[in-house]
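**Q** Need a 3D model of the following:
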Amino acid sequence: MKNLLKIGKISLLALGLCSLNSCKDYFDLTDNPNLVQTPPLNAMLTTATHKAAFNNYRVASFNNYYTQYLASSSPGSDTDTYQITNNSTTWDNLYYALADLHDMIVISTESQAYHHLGVAQLLTAYQLGLVADTWGSAPYSQAFYQEPIILVPYDSQEALYQAQVDLIEKAIENLSRADVTQPLGANNDLFFQGSIEKWMKFSFGIQARVLNKISKKSTYNPKAVLAATAKSLSANSDDVSMNTYDGINPWASISRGNLNNNLGGWLSTNFVNQLNGTTYGIEDPRVAKITEKTVHGVYIGTRNGEGNTGAANTVRDECYISYNSPLTSDNSPIDILTYAEVKFIEAEAAFRDQNKTLAYSSYLAGVQANMTKLAVPKNQADAYIAAISKGANSLTLLDIFKEKYIVTYLNSESWNDVRRFDYQYKNFSLPVGAVLGNEFIRRVAYPTNELAENGTNVPAEVPLSTKLWWDQP
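**A** Numbers count the residues shown, from 1 in each chain. A predicted model of the protein is given here:
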């Protein structure tokens, strides 16, 4: 590719393959003979899948404080108390990934490599959603050109949502094609090892998630959501995840420190109280697969905004991300979409479609799938499921959302659900010292780097309690 792409401050990578080439000239706007001008599509596939998984982690690493899975050990921390924070690095990484995918779309189209094209379109939709669901309006339709554009216009939130819908539909169409010039490389595909069947299931799962996100809109169509879930993930073995790292799972870097009392990844009181029985009157056996008891033999969380209330940060008197968890050990995968989540999407859509029989069966199936994924002993899982089994006619949206909340622990998608449910979980408390008054946070401020370099196009700042487009009727 001849000219590198620019967006805001960022001169976007035309190739994004630092592992294959020297990175010193990535910001030049001329041909570089040391760079691969037409990289192999399967090499781009490796980069694309790797970046998508890590971008899920990068977004989750701060928005999981807003969902109150995590809490800071320091009182009055910026993230806990809804102050403006600078997330430039995450913004940059998302746009680097989108630029790579743009190039992959161009090259795969020219090569008639339609399966690679479908993958690129799907991962574009997914990461464009990460941008839009975090910041709102953002550059997209005019962001990727051969000739560099220094100041890039922003697309509206509605336009970004429609772009995701369109990209997913195109991805499904291209992944369905048989007239392809080359297959996905099994060793290059870090999600599915080249399985088109699993990419198709992933596509329908992301479609269901995106269509379900507008549950507050008059255009919400639960039947369309259900049509997508019916073609999506059908077992835990279909989970969309990556467990290939240059080192270890990034969450494990936190849990490893906990082994040496370098404590981090503190779990929020709201999350722990749901698990330990305080909130709903029954201890969830998954708590032992997520964290460990304190030195006092109980499960205690940290109140967001309040910080550690114990004797010292080196004493295990509150709960943390655990190295022993199937989710946060060295080789644990980064999950993007799980079968359990798909069942809860199905349960919600069926509930809104007045099909309580399907809603109830999907609700129970989602809980069971997550219990199995976390290797909860069968007798404990059975006892918990029996305790929450109330019959189809008694099922509520709270039941669905509060169980899904456990399933999406450490996933960036969780904040979308928390906002759609208006933070109405039982006993879900505002952080101590929250700066938005009695309001929960609804969006993130635009990054400092983008304000400095593309400020004329960045939308006027509004309170962080301002709802995004899909979060409103």
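**Q** and the nearest residue to Ser389 once chain neighbours are set aside, how many neighbours?
**A** Leaving aside its chain neighbours, Ser389 sits nearest to Leu364 (6.8 Å; criterion: C-beta to C-beta, 6 or more residues apart in numbering). Heads up, the C-betas are built off the backbone N, CA and C, glycines and all. By other C-beta atoms under 10 Å, 18 other residues sit near Leu364.
**Q** Does Leu364 touch Ile385 like I think?
**A** Yes: counting by C-beta atoms under 8 Å, Leu364 touches Ile385, with 6.4 Å between them.
**Q** contacting residues around Gly433?
**A** 75-76, 81, 305 (C-beta atoms under 8 Å, 6 or more residues apart in numbering).
**Q** so it sits in a helix?
**A** No: secondary structure of Gly433 (DSSP: H, G, I helix; E, B strand; the rest coil): coil, not part of a helix.
**Q** could you measure it against Pro222, distance?
**A** The spacing between Gly433 and Pro222, counted by C-beta to C-beta, to the nearest Å, is 39 Å.
**Q** same question, Pro473
**A** Using C-beta to C-beta, Pro473 is found at 16 Å from Pro222.
**Q** Can you show me the helices along the stretch 51-200 of the chain?
**A** If DSSP state H, counting those that start in this stretch is used as the criterion, the helices of the stretch 51-200 of the chain fall at 88-111, 114-135, 157-175, 196-212.
**Q** mind checking the SS state of the residue nearest the centre of the chain?
**A** Closest residue to the average C-alpha location of the chain: Ser412 at 2.8 Å, with C-alpha atoms, centre = their mean. Judged by three-state DSSP, the three-state class of Ser412 is coil.
**Q** So, low pLDDT: which residues of the chain?
**A** Low-confidence segments of the chain (pLDDT under 70): 1-38, 146-149, 261-263, 310-314.
**Q** Just the C-alphas of stretch 226-236, formatted as CSV.
**A** What follows is stretch 226-236, C-alpha atoms only, in CSV (Å, rounded to 0.1, in the frame of the first residue of the first chain):
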residue,chain,number,x,y,z
LEU,A,226,-33.8,-14.7,17.8
ALA,A,227,-33.2,-15.6,14.2
ALA,A,228,-29.6,-14.7,14.7
THR,A,229,-29.1,-16.6,18.0
ALA,A,230,-30.6,-19.7,16.4
LYS,A,231,-27.7,-19.8,13.9
SER,A,232,-25.0,-18.8,16.4
LEU,A,233,-22.9,-20.6,19.1
SER,A,234,-24.5,-23.9,20.1
ALA,A,235,-22.1,-25.2,22.8
ASN,A,236,-19.2,-24.0,25.0
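**Q** tell me which residues in that stretch are buried?
**A** Residues 226-229, 232-233 are the ones in stretch 226-236 that count as buried (16 or more other C-beta atoms under 10 Å).
**Q** Include secondary structure and distance to Ala48 when you put those into CSV, please.
**A** What follows is these, written out as CSV (DSSP: H, G, I helix; E, B strand; the rest coil; distance: C-beta to C-beta, whole Å):
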residue, secondary structure, distance to Ala48
Leu226, helix, 29
Ala227, helix, 27
Ala228, helix, 22
Thr229, helix, 25
Ser232, coil, 21
Leu233, coil, 20
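**Q** of all those, which comes closest to Tyr423?
**A** Thr229 (25.1 Å; C-beta to C-beta).
**Q** My guess is Ile406 contacts Val272. True?
**A** No: Ile406 is beyond contact range of Val272, at 11.5 Å (criterion: C-beta under 8 Å).
**Q** so where do the strands sit in the stretch 201-350 of the chain?
**A** Remark: strands assigned in the stretch 201-350 of the chain by DSSP state E, counting those that start in this stretch are 240-242, 334-337.
**Q** I meant to write the stretch 351-473 of the chain there.
**A** With DSSP E, counting those that start in this stretch as the criterion, the stretch 351-473 of the chain has no strands.
**Q** Do you have the helices of it handy? List them.
**A** 356-373, 378-388, 397-407, 414-420, 448-454.
**Q** so how many other residues sit close to Val106?
**A** Around Val106 there are 15 residues (other C-beta under 10 Å).
**Q** cool, and Tyr384?
**A** Tyr384: 19 neighbours (other C-beta under 10 Å).
**Q** Wait, it touches Tyr280, no?
**A** No: using C-beta under 8 Å, Tyr384 makes no contact with Tyr280, being 10.7 Å away.
**Q** Out of the buried residues of stretch 226-236, the closest to Thr291 would be?
**A** Leu233 (26.4 Å).
**Q** residues in contact with the residue lying closest to Lys289 once chain neighbours are set aside?
**A** The shortest distance from Lys289 to any non-neighbouring residue, by C-beta to C-beta, 6+ apart, is to Leu374 (4.1 Å). Contact analysis of Leu374 by C-beta under 8 Å, 6+ apart lists 286, 289-290, 325-327.
**Q** 10 Å instead, please
**A** 285-286, 288-290, 325-327, 340, 381, 406-407, 409 (C-beta atoms under 10 Å, 6 or more residues apart in numbering).
**Q** Generate a markdown table for the residues you listed, with neighbour count as supplementary columns.
**A** Shown next, in a markdown table, are the contacts of Leu374 (neighbours: other C-beta atoms under 10 Å):
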| residue | neighbour count |
| --- | --- |
| Pro285 | 18 |
| Arg286 | 23 |
| Ala288 | 19 |
| Lys289 | 21 |
| Ile290 | 25 |
| Ser325 | 22 |
| Pro326 | 15 |
| Leu327 | 21 |
| Ala340 | 26 |
| Ala381 | 19 |
| Ile406 | 23 |
| Val407 | 24 |
| Tyr409 | 24 |
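**Q** how deep is the nearest residue to Val210 once chain neighbours are set aside tucked in, by neighbour count?
**A** Once flanking residues are discounted, Val210 sits nearest to Gln164: 5.4 Å by C-beta to C-beta, 6+ apart. Residues contacting Gln164 under the criterion other C-beta under 10 Å number 26.
**Q** pretty sure Gln164 contacts Tyr126?
**A** Yes: look at Gln164 against Tyr126 with C-beta atoms under 10 Å: they come within range, at 8.1 Å.
**Q** what sits in contact with each of the two?
**A** Residues within reach of Gln164 and of Tyr126 at once, by C-beta under 10 Å, 6+ apart, are 206, 209-210.
**Q** Report the distance from stretch 329-346 to the chain centre.
**A** 10 Å (C-alpha atoms, centre = their mean, to the nearest Å).
**Q** Now it: buried residues?
**A** Applying a neighbour-count criterion of 16+ other C-beta under 10 Å, one finds 329, 332-346 buried in stretch 329-346.
**Q** ok, now how distant is the closest residue to Glu283 other than its chain neighbours from Tyr299?
**A** Using C-beta to C-beta, 6+ apart and skipping residues adjacent in sequence, the residue nearest Glu283 is Gly277, 4.0 Å away. According to C-beta to C-beta, Gly277 stands 9 Å off from Tyr299.
**Q** Those two: which is more packed in?
**A** Tyr299 (23 against 13).
**Q** List the residues that contact the closest residue in space to that one that isn't next to it in sequence.
**A** Closest residue in space to Tyr299, ignoring its immediate chain neighbours: Asn276 at 4.1 Å, by C-beta to C-beta, 6+ apart. Neighbouring residues of Asn276 by C-beta under 10 Å, 6+ apart: 269, 282-284, 287, 291, 293, 298-301, 319.
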